[in-house]
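Undergrad: Predicted coordinates and the sequence they were generated for:
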Amino acid sequence: MLNTIEKIEQIIKDSNNRTPELLYELVFLELCNYKFDFLFTELVIGSKFHRIRVNEKANEPFNKLDDISYPPLEKSIKFNRANRPGQSMFYCSENPSIAEIELLNDFIVDNEIGHSKHCTYSEWKTKSELNLLVLAIADKDKEFCNGLVLREKFNEYLNTKSEEEKKSIIDQYTWSSHFFTKLAKSDKSVYAVTSAIANIVTLRYEFDGFIFPSVQTGTGYNIAFKPYVIDKSQVTPLPNIEMIRWEKTNSKSVNINVNAPDIIYGQINDKQLIWKTPSS
């Protein structure tokens, strides 16, 4: 009997010449009768996360808080790690280095050598306790010692289960991690599959967002909050923001300039972004 990974990989193989939308539907249907037992983790008040947005135009800063928040539905036109087109999530990372690396590949692919743009850095803080569904867990040596640590909590969770339940949960996390730790740049099917998994569990559980390992860095975690978390001010931005200039220096690397005049400081004031130095 085929296991879950093999079944989904076979669906992907059979759908090579079909649209991601159809692949999403086929995977979703495959998982409809599957029994899930995902781990949840609580975020305490005051937890901080980082988000970076590449400025849409090279010489124009973002002016509104909405510009650096989750994208509006009309701009949510692609599959992403935990959302399908027409669905928006607020993606952030546990530290700024992860947030940078998550964007580097697309910046390199999308721009010519010598091209530069400012990127807007913001830090966000939880104002209420939030419940996250753990979609995959980083290896023990790939969790930051001063950051989010889930591997030990997962082992404690397993110890509360029977041997049969334990095997089922380990199998589940084997296949969910198989897809949630895949790079998407070389496999266009990845996001259709991961977003199908994210949406099927959304129908089964009540929670505020997802947590999963950073694939680009191979270390640490990313979080995808549901939009209402931002709308209800359960997660809010810290007042200080920055624009830092990124420049593609060759076909494989980006120079991130952290010295004046390539870094511009600003503040959030009544949902407006106020910059101390004009963008140039």
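TA: Yes, it's here.
Undergrad: after whichever strand or helix holds residue 194 comes which helix or strand?
TA: Per DSSP states H and E: residue 194 is located in helix 190-202. Using DSSP H and E, the helix or strand that follows helix 190-202 in sequence is strand 209-213.
Undergrad: okay, the angle between the helix holding residue 194 and strand 209-213?
TA: On the basis of axes from the mean of the first three to the mean of the last three C-alpha atoms, to 10 degrees, helix 190-202 is oriented at 140 degrees to strand 209-213.
Undergrad: Show me what the longest strand along the chain is packed against.
TA: As assigned by DSSP state E, the longest strand anywhere in the chain is strand 116-126. Packing contacts for strand 116-126, counted by 3 or more C-beta pairs under 8 Å, 6 or more residues apart in numbering; DSSP states H and E, involve strand 48-54, helix 96-110, strand 235-237, strand 240-248. For the C-beta atoms, the positions are set from N, CA and C on the backbone; glycine is no exception.
Undergrad: List the buried residues for that strand?
TA: In terms of neighbour count (16 or more other C-beta atoms under 10 Å), strand 116-126 has its buried residues at 117, 118, 119, 120, 121, 122, 123, 124, 126.
Undergrad: What of stretch 33-46?
TA: 38, 39, 41, 43.
Undergrad: go on, stretch 180-199?
TA: Residues 180-182, 184, 189-199 are the ones in stretch 180-199 that count as buried (16+ other C-beta under 10 Å).
Undergrad: for the nearest residue to residue 103 once chain neighbours are set aside, what are its contacts?
TA: Once flanking residues are discounted, residue 103 sits nearest to residue 52: 5.9 Å by C-beta to C-beta, 6 or more residues apart in numbering. For residue 52, the contacting residues are 96, 99, 100, 102, 103, 119, 120, 121, 122, by C-beta atoms under 8 Å, 6 or more residues apart in numbering.
Undergrad: Specify the local secondary structure of the closest residue to residue 234 other than its chain neighbours.
TA: Nearest non-adjacent residue to residue 234, counting by C-beta to C-beta, 6+ apart: residue 128, 4.7 Å away. Secondary structure for residue 128, judged by DSSP: H, G, I helix; E, B strand; the rest coil, is coil.
Undergrad: Give me the local confidence score for residue 128.
TA: pLDDT recorded at residue 128 is 97.
Undergrad: And it, its phi and psi?
TA: Note on residue 128: its backbone torsions stand at phi -150, psi 160 [degrees, to the nearest 10].
Undergrad: for the one 5 residues further on, same thing?
TA: Note on residue 133: backbone dihedrals following degrees, to the nearest 10 are phi -90, psi 130.
Undergrad: From residue 229, how far off is the nearest residue to it once chain neighbours are set aside?
TA: Nearest non-adjacent residue to residue 133, counting by C-beta to C-beta, 6+ apart: residue 207, 4.6 Å away. For residue 207, the distance to residue 229 equals 10 Å [C-beta to C-beta, to the nearest Å].
Undergrad: More neighbours: those two, which one.
TA: residue 229 (22 against 18; other C-beta atoms under 10 Å).
Undergrad: So the more buried one sits against residue 235, correct?
TA: Yes: using C-beta atoms under 8 Å, residue 229 makes contact with residue 235 at a distance of 5.2 Å.
Undergrad: Check the contact lists of these two and give me the overlap.
TA: Taking C-beta under 8 Å, 6+ apart as the contact rule, residue 229 and residue 235 both touch 90, 130.
Undergrad: coming back round to it: tell me the one among the buried residues of strand 116-126 nearest to residue 160.
TA: Taking C-beta to C-beta as the measure, residue 126 is the one of those closest to residue 160, at 26.2 Å.
Undergrad: Pull the contacting residues for that closest one.
TA: Residues in contact with residue 126, defined by C-beta under 8 Å, 6+ apart, are 43, 44, 45, 46, 47, 48, 234, 235.
Undergrad: Neighbours of the fifth one, how many?
TA: The reference is to residue 47. Look at residue 47: counted by other C-beta under 10 Å, it has 17 neighbours.
Undergrad: roughly how far apart are the residue lying closest to it once chain neighbours are set aside and residue 11?
TA: Distances taken as C-beta to C-beta, 6+ apart put residue 126 closest to residue 47, at 4.5 Å, once the chain neighbours are dropped. Separation of residue 126 from residue 11 (C-beta to C-beta): 37 Å.
Undergrad: for residue 102, same thing?
TA: Residue 102 is 27 Å from residue 11, where distance means C-beta to C-beta.
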